[in-house]
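Asker: quick check, what structure comes out for this input:
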Amino acid sequence: MRLCFFLTALFFSVSSFADVSTSTNTVSISTNSVSTENISAPAQEQVFCIFDPVGTRGPIYSAMLDYQTQALNWGANLQLKAYTNEAVVIADFQAGHCDAMGVTGTRVRPYNGFTASIEALGGLDDYQQMQQLLNMLSKPKAQRYMQQGDYEVAAIMPGGAVFIFVRDKSINSVETAAGKRIATLDYDQASVNVVEHVGATRVPSTVATFAPRFNNGDVDIAYAPAVAYQPFEMYKGLGSKGGIYRFPMAQMNFQMIIRHERFPEGFGQKSREFTYQQFDLALEHIRLAEAEIPTNYWIDLPQDKEVEYKEMMRQIRIGLTEANVYDPMMMKLMFKLRCRSNPAHYECAERKEG
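Answerer: Residues are numbered from 1 along each chain as shown. Next up, the predicted model:
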């Protein structure tokens with residue numbers, strides 16, 4: 001299915017959870033060829049606005065053609081509309097011109113602070129934890145967290161770990177990053193806080209402009225998942241001196257937000273179960289993108305630096321939670337997943353987030 005391929009260009013462009021299960025068993029739902037024979041009446045039409053920097057010829061839009069067919073079985077007749085500007089998608093959705101929208105995870109904060117917090121700095125250490133989290137969020141018991149007011153999260157797909165790209169490998173510490181120019185998404189408060197913390201210079205950017213600025217030398221540092229490397233030609237910015245720190249800052253994701261009253265009852269749950277089934281295919285594609293980056297670009301941090309940076313992110317994360325930027329429930333949920341993986345870590349004893 002094409003659904004796994006939308007990830008190539010994703011940057012192209014505590015009650016019911018008290019006992020965290022680490023099971024990654026999949027939900028039993030077929031993802032084979034779609035039959036519409038059980039549909040007894042014509043499906044209601046809904047406009048689905050999709051961010052794809054390439055437009056109707058892009059991989060995100062193409063992947064949604066398969067999703068569009070599957071949605072007929074759930075009583076929805078999605079009319080796909082492609083946008084090359086993510087901000088315009090959000091503006092049209094907010095104005096009521098779209099019944100659903102597909103955007104990057106950080107952008108959904110006004111509609112669901114819980115799922116927007118999945119991209120929290122250092123919230124998840126690896127893809128296993130990401131899969132465990134999305135498995136739980138696809139279950140019916142998570143339904144009440146998926147809806148906030150008129151809006152519902154109908155799908156969450158992984159986009160890969162976010163790495164730091166530098167034009168010069170000599171930028172190898174917080175100290176050497178001071179004063180350097182960093183391409184920063186202004187709507188991502190966590191990134192703004194990191195730039196301020198290290199004393200760097202923030203260069204306002206968007207999903208469409210961060211890579212050109214990095215490649216042209218307008219900024220010294222950028223951050224992105226590996227799936228951005230080839231489509232955005234980030235090797236041009238890396239050149240012969242640059243590198244990528246093999247240290248996940250966050251877990252990027254792509255989310256579908258719907259106005260749930262404009263969709264058949266149960267649509268959101270069926271959609272979440274279906275899209276979770278695509279996780280392994282998506283992860284395979286993410287790992288392939290990471291493996292295709294030349295080994296000479298990857299930089300492994302010394303253990304003491306990794307510990308230092310994780311603590312820096314933890315302090316920023318705690319501060320943003322206290323400032324109501326990150327959702328406390330999501331922070332607690334991810335804390336439990338991290339501590340299931342590494343119970344000896346000191347944060348598990350301190351329990352500042354759990």
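Asker: separation between the residue nearest the centre of the chain and I293?
Answerer: Centrality entry for the chain: nearest residue to the mean C-alpha point is N253, 1.6 Å, by Cα atoms, centre = their mean. N253 is 20 Å from I293, where distance means Cβ to Cβ, to the nearest Å. Backbone N, C-alpha and C define where each C-beta goes, glycine included.
Asker: quick one: low-confidence ranges for this structure?
Answerer: For the chain, the stretches with pLDDT under 70 are 1-43.
Asker: this protein: helices as residue ranges?
Answerer: In the chain, the segments counted as helices under DSSP state H are 59-71, 86-94, 113-116, 127-137, 143-146, 174-177, 189-198, 210-216, 235-238, 267-276, 279-291, 303-322, 328-341, 346-350.
Asker: which stretch among the ones you listed comes nearest A154?
Answerer: Proximity to A154 (Cβ to Cβ) singles out helix 267-276 among the helices of the chain, at 4.2 Å.
Asker: what angle sits between that closest one and helix 127-137?
Answerer: Between helix 267-276 and helix 127-137, the angle comes out at 160 degrees (axes from the mean of the first three to the mean of the last three Cα atoms, to 10 degrees).
Asker: helix 267-276 packs against which elements?
Answerer: helix 59-71, helix 127-137, helix 143-146, strand 151-166, strand 243-259 (3 or more Cβ pairs under 8 Å, 6 or more residues apart in numbering; DSSP states H and E).
Asker: among these, which comes closest to A226?
Answerer: So among these, strand 151-166 is nearest, using Cβ to Cβ, at 5.6 Å.
Asker: sorry, back to before: residues touching the residue nearest to the centre of the chain, list them.
Answerer: 104-105, 118-119, 156-159 (Cβ atoms under 8 Å, 6 or more residues apart in numbering).
Asker: how about K81, what does it touch?
Answerer: Residues near K81 by Cβ under 8 Å, 6+ apart: 47-50, 98.
Asker: which among those gets closest to A228?
Answerer: Nearest to A228 among the contacts of K81, with distances taken as Cβ to Cβ, is I50, at 18.2 Å.
Asker: wait, the closest one touches Y83, no?
Answerer: Yes: here I50 reaches Y83: they are 6.7 Å apart, a contact under Cβ atoms under 8 Å.
Asker: give the residues shared as contacts by those two.
Answerer: V89.
Asker: so how many other residues sit close to Y127?
Answerer: 18 (other Cβ atoms under 10 Å).
Asker: how about it, nearest residue that isn't a chain neighbour?
Answerer: Computed as Cβ to Cβ, 6 or more residues apart in numbering, the closest residue to Y127 that is not its neighbour in sequence is L283, at 5.8 Å.
Asker: can you give me the distance of that neighbour to A226?
Answerer: Relative to A226, L283 is positioned 12 Å away (Cβ to Cβ).
Asker: in terms of neighbours, single out the busier of these two.
Answerer: For L283 versus A226, neighbours defined as other Cβ under 10 Å are more numerous around A226 (22 against 18).
Asker: was I right about the more buried one contacting A289?
Answerer: Yes: A226 is in contact with A289 according to Cβ under 8 Å; the separation is 4.3 Å.
Asker: contact partners for D327?
Answerer: Going by Cβ under 8 Å, 6+ apart, D327 touches 113-114, 116-117, 321.
Asker: same thing but 10 Å
Answerer: Contact analysis of D327 by Cβ atoms under 10 Å, 6 or more residues apart in numbering lists 109, 112-118, 120, 145, 321, 333.
Asker: please indicate which of those residues are buried?
Answerer: Among these, the ones that count as buried by 16 or more other Cβ atoms under 10 Å are 109, 112-118, 120, 145, 321, 333.
Asker: kindly export stretch 76-84 (C-alpha atoms) in PDB.
Answerer: Provided in PDB are the C-alpha atoms of stretch 76-84 (Å, rounded to 0.1, in the frame of the first residue of the first chain):
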ATOM      1  CA  ALA A  76     -17.100   8.600   4.800                       C
ATOM      2  CA  ASN A  77     -16.600   9.900   1.300                       C
ATOM      3  CA  LEU A  78     -13.500  11.900   1.500                       C
ATOM      4  CA  GLN A  79     -12.900  14.600  -1.000                       C
ATOM      5  CA  LEU A  80      -9.100  15.200  -1.000                       C
ATOM      6  CA  LYS A  81      -7.700  18.600  -1.300                       C
ATOM      7  CA  ALA A  82      -3.900  19.100  -1.500                       C
ATOM      8  CA  TYR A  83      -2.000  22.200  -0.100                       C
ATOM      9  CA  THR A  84       1.600  23.100  -0.400                       C
END
